[in-house]
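> Quick one: sequence plus predicted model below, questions after.
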Amino acid sequence: MPREELSLFSYEVLGLIGREGAGPHDLRRMVERGKLLAWAGESRYYTEPKRLAKLGYLAATKEPGRTRDRTVYKLTDKGRRALRSWAKTPVALTPLKAEALVRLLIADLVGDATTRKSLAALRDEADDLRRRLDEMVEGAEERLPHRARYLELVNEFLRGYLDLHEQLVDQVEREL
């Protein structure tokens, strides 16, 4: 399979579909819940599963929905093989795109007070995101028992990421 056929986002979609299968709306809800992991545009959670199905990584079926039939995707053998193969490759650091860093990049142009005030807003957002992480973990044991311990590792990493943002706000408040 050509390397460019599957992107990091493709593997994310395959992983979110997981053992039970999921529809595009389910995928979107999963990443909305976690918010910190929602780095792709909403429409991509609809288009990528279709693309992966055309390539044979997913199988699409129609199931009854609330108002009309919905498409549910499940991993094919090819999709599971792709995940196993990719999982054996070394992990690389994904380039970091953080608004807080861009705000610091322009601080000399907009002023210390403006930068300090805009970054301080991260505290409220971090609190909200911590609540979301708590909710995500609370139901994982019963909803996704096969993934609970892995989701806990993700949760701890994301908490550390939030801590880094709060440390940055502290430093900005001290130094600007």
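Thanks, I have the structure now.

> Roughly how far does Ala60 sit from Tyr45?
Using CB to CB, to the nearest Å, Ala60 is found at 14 Å from Tyr45. (Glycine included, C-beta is placed from N, CA and C.)

> let me redo that: Arg51
Taking CB to CB, one finds Arg51 at 12 Å from Tyr45.

> Who has more neighbours out of these two?
Neighbour count, other CB atoms under 10 Å: between Arg51 and Tyr45, Tyr45 has more, with 25 against 15.

> show me what contacts the more buried one?
13, 24, 27-28, 31 (CB atoms under 8 Å, 6 or more residues apart in numbering).

> swap the cut-off to 10 Å and go again
9, 12-13, 16, 22-32, 38 (CB atoms under 10 Å, 6 or more residues apart in numbering).

> do the same with Asp69
When contacts are counted by CB under 10 Å, 6+ apart, Asp69 touches 61-63.

> how about the residues you listed in JSON lines, adding secondary structure, distance to Ser85 and pLDDT?
Below are those laid out as JSON lines (DSSP: H, G, I helix; E, B strand; the rest coil; distance: CB to CB, whole Å; pLDDT from 0 to 100):
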{"residue": "Thr61", "secondary structure": "strand", "distance to Ser85": "25", "pLDDT": "95"}
{"residue": "Lys62", "secondary structure": "strand", "distance to Ser85": "30", "pLDDT": "94"}
{"residue": "Glu63", "secondary structure": "strand", "distance to Ser85": "29", "pLDDT": "91"}
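
> Perfect, that will be all.
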